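*Asks:* Whatever this is, show me its structure:
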Amino acid sequence: MNRFNEKTVLVTGAASGIGLAAARRFLDEGARVVMLDIDEAKLKEATAQLPQDRIVVQVGDTADKATAAAAVKAAVDKFGGLHILVNNAGVATEGDITKTSEEDFDRVMSVNVAGYYHMAKAAMPELVKARGSIVMTSSVSGLGGDWNMFAYNTSKGAVSNMVRAMAMDAEKDGVRVNAVNPSFTKTGMTEDMVSDPELVAKFKERMPLGAPEDAEGVAAAMAFLASEDARLITGVNLPVDAGLMASNGQPPQ
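*Replies:* All right, here's what the predicted structure looks like:
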C-alpha cells in the first residue's frame, strides 16, 4: 500500500519500540518522516538503514516546548508541511502514590501529558492546512487502572481524554485525533517484563491473541487511524490489546 505518498509524518519517541515501528510503517507506505527522540545515539543507529532522502532526524525532549517547535519547523523546511503527528514518546515509573516521588510524578506528566500538548499545539497550524490527523499512544492503562503504576496510569488517563477533547475542538478544521491503547508490548520500556516468564504467562492468560504484543502490530493500527480509510473516525481510543479488554476480569474456567 502507498496510502501516505506525498505525506509528511512526525513521530516522537522514534528511536525504538512503537515509535520506530510506526516510522518504518509510514515509510513503507510512501511517507516522509521526521523522527524525534531524546536519545541521539539510539536514534542515529535506528535510522542508519532507512531511506535518507525521506527522513529527518531530530533530537530533543518533548517535555520542552522548544523541541516541538523545532521538530515542526524541520518538517516544514525539509518537506514543505506536516500532515500527521504521531505523539508517542513516553516514560513510566512504578509505585503507588505513597512511593511515587514528586520528581518522578512531574517527569512522567511532563513527557506523557505536557509533551503531547506541546507537540500537538506546535503541529496544529500545519495540520489544519493539511486537514491532517493526530495519532497518540495511550494505553489500556489509560482506560483502566493497574496496581503500583500510579503516575503512569494518571498520565495515560489524561491522554485518553485529551484525545476526546482535542477531537471535538479540531473537527471544525478537519483535523482528526485518535489514540491507540496497547497492552503489554515488547519495547525497551518493557524489557524487564519480557524477560520474566512467570509474568509473561500471567499476561497470556488475559490476552487471547498472545503476549507480549509486537510493536509492528500497534504501528499497523496507527497507520490505519492516520489514513483516509479512517476518515470517519475521530475521538477514538482504540484498544490494540490482543483481546485483553474483551474479558470481564473473571479467571479462565
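*Asks:* Scan the protein for its longest helix.
*Replies:* Using DSSP state H, we find that the single longest helix of the chain is helix 150-170.
*Asks:* Can you name the element that comes right after that one?
*Replies:* For helix 150-170, the following helix or strand on the C-terminal side (DSSP states H and E) is strand 176-182.
*Asks:* Show me what that next one pairs with in its sheet, parallel or antiparallel.
*Replies:* For strand 176-182, the paired strands and their directions (DSSP bridges) are strand 133-137 (parallel), strand 237-240 (parallel).
*Asks:* packing partners for the helix or strand sitting right after that strand along the chain?
*Replies:* Using DSSP H and E, the helix or strand that follows strand 176-182 in sequence is helix 191-194. On a contact count with 3 or more CB pairs under 8 Å, 6 or more residues apart in numbering; DSSP states H and E, helix 191-194 meets helix 197-206. In this view, the C-beta of every residue, glycine as well, is placed from N, C-alpha and C.
*Asks:* Can you give me the buried ones in the helix it packs on?
*Replies:* Within helix 197-206, the residues that qualify as buried are Leu199, Phe203, Arg206, counting by 16 or more other CB atoms under 10 Å.
*Asks:* Show residues contacting that helix.
*Replies:* Contacting residues not belonging to helix 197-206 are listed as Ser183, Phe184, Met193, Val194, Gly210, Ala211, Pro212, Leu244, Ser247, Pro251, Pro252 [CB atoms under 8 Å, 6 or more residues apart in numbering].
*Asks:* so who does Val240 touch?
*Replies:* Taking CB under 8 Å, 6+ apart as the definition of contact, the neighbours of Val240 are Val180, Asn181, Pro182, Ser183, Glu213, Gly217, Val218, Ala221.
*Asks:* what does Val128 give?
*Replies:* Residues touching Val128, when contacts are defined by CB under 8 Å, 6+ apart, comprise Ala170, Asp173, Gly174, Val175.
*Asks:* which two from these end up farthest apart in space?
*Replies:* Ala170 and Gly174 (8.0 Å; CB to CB).
*Asks:* Which one of these two is surrounded by more residues?
*Replies:* The residue with more neighbours, out of Ala170 and Gly174, is Ala170; 21 against 13, by other CB atoms under 10 Å.
*Asks:* coming back round to it: out of the contacts of helix 197-206, which are buried?
*Replies:* By the neighbour-count criterion of 16+ other CB under 10 Å, those include these buried positions: Ser183, Phe184, Met193, Val194, Ala211, Pro212, Leu244.
*Asks:* now, the most widely separated pair of these?
*Replies:* Checking these with CB to CB, the most distant pair is Val194 and Leu244, at 16.3 Å.
*Asks:* show me what contacts the closest residue to Val140 other than its chain neighbours?
*Replies:* Leaving aside its sequence neighbours, Val140 sits nearest to Ser183 (CB to CB, 6 or more residues apart in numbering; 4.8 Å). Contacts of Ser183 were listed using CB under 8 Å, 6+ apart, and they are Ser139, Val140, Phe203, Met207, Ala211, Glu213, Pro239, Val240, Asp241, Ala242, Leu244.
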